[in-house]
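In: could you work out the structure for the sequence below:
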Amino acid sequence: MILGFLLFYVGAVLFLNGLWLMGRIQDREIVVINVVSGLVAGAVVIQGAFGAAADAASIRAAALTLLFAATYFWVAYNRFAGVDGRGLGWFSLFVAVSTVPVIVSGFSAAATGRDFWLAGNWLVWGILWFMYFLLLALGKPILKQTAWVTLLSGIFNGWLPGWLLLDGMM
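Out: A predicted model of the protein is given here:
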C-alpha cells in the first residue's frame with residue numbers, strides 16, 4: 001500500500017513538472033507540489049529506514065526513494081531561489097548512473113509481472129534523470145522532449161499504477 005501512496009504523488013509531481021517544463025505553470029507555483037511530494041517521499045524514507053520493521057530490503061528501498069525526495073526538494077529550491085539548475089543536473093547524472101544496477105538486478109531477479117513492471121519503471125526513471133542531466137548540466141536543447149517524457153512518466157509510471165495499487169487492483 002505504501003508503494004501506491006508514494007507512486008500516486010510521484011505521478012502528480014512528474015505530471016505537473018512536465019506541464020511546468022512546457023511553460024504552463026509558473027516557476028514559483030511548481031514549488032508546492034515538489035515540496036509536498038518531497039515530504040511524502042521523505043516520510044516513506046523515514047518509515048522504511050528507521051521504522052520498527054526496517055530490514056535490509058526496506059533500507060535499500062528507502063535509500064532509493066530518497067533520490068526522489070532530494071530531486072523534488074531540489075527542484076523546489078531552484079524555483080524559489082531562481083537558480084539555473086546545473087547542480088540538479090549533475091545530481092541527476094549521479095541518480096541516473098545509480099539506477100543502472102537497480103534496473104539490471106530488477107530485471108534479472110524478476111519473477112512476476114509486477115517485478116518486471118517495477119524494473120521497467122526504474123528504466124524509465126533512469127532515462128528521465130539522464131535527460132535532466134543533459135538538459136540542466138550540459139544545456140542540451142531537449143526541453144520539449146524532457147517535458148513530454150516527464151509528463152508521460154507521471155501518468156504511466158506514477159499516477160496510474162499508484163492509483164491501481166491504492167485501489168487494490170494491482
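In: residue closest to the middle of this protein?
Out: Phe68 (4.5 Å; Cα atoms, centre = their mean).
In: now do the contacts for it.
Out: Neighbour list for Phe68: 10, 37, 41 [criterion: Cβ atoms under 8 Å, 6 or more residues apart in numbering]. Glycine gets a C-beta too; all of them are placed from N, C-alpha and C.
In: where's it, which helix or strand?
Out: Assigned by DSSP states H and E, Phe68 belongs to helix 56-81.
In: mind checking how far that helix is from the chain centre?
Out: 8 Å (Cα atoms, centre = their mean, to the nearest Å).
In: likewise for stretch 100-117?
Out: Distance, stretch centre to chain centre, for stretch 100-117: 17 Å (Cα atoms, centre = their mean).
In: what mean pLDDT does that stretch have?
Out: Averaging pLDDT along stretch 100-117 gives 96.
In: count of neighbours near Arg28?
Out: Close neighbours of Arg28, defined as other Cβ atoms under 10 Å, add up to 11.
In: how much space between the closest residue to it other than its chain neighbours and Ala12?
Out: Nearest residue to Arg28 in three dimensions, chain neighbours excluded: Arg79, at 6.0 Å (Cβ to Cβ, 6 or more residues apart in numbering). The gap separating Arg79 from Ala12 is 16 Å, by Cβ to Cβ, to the nearest Å.
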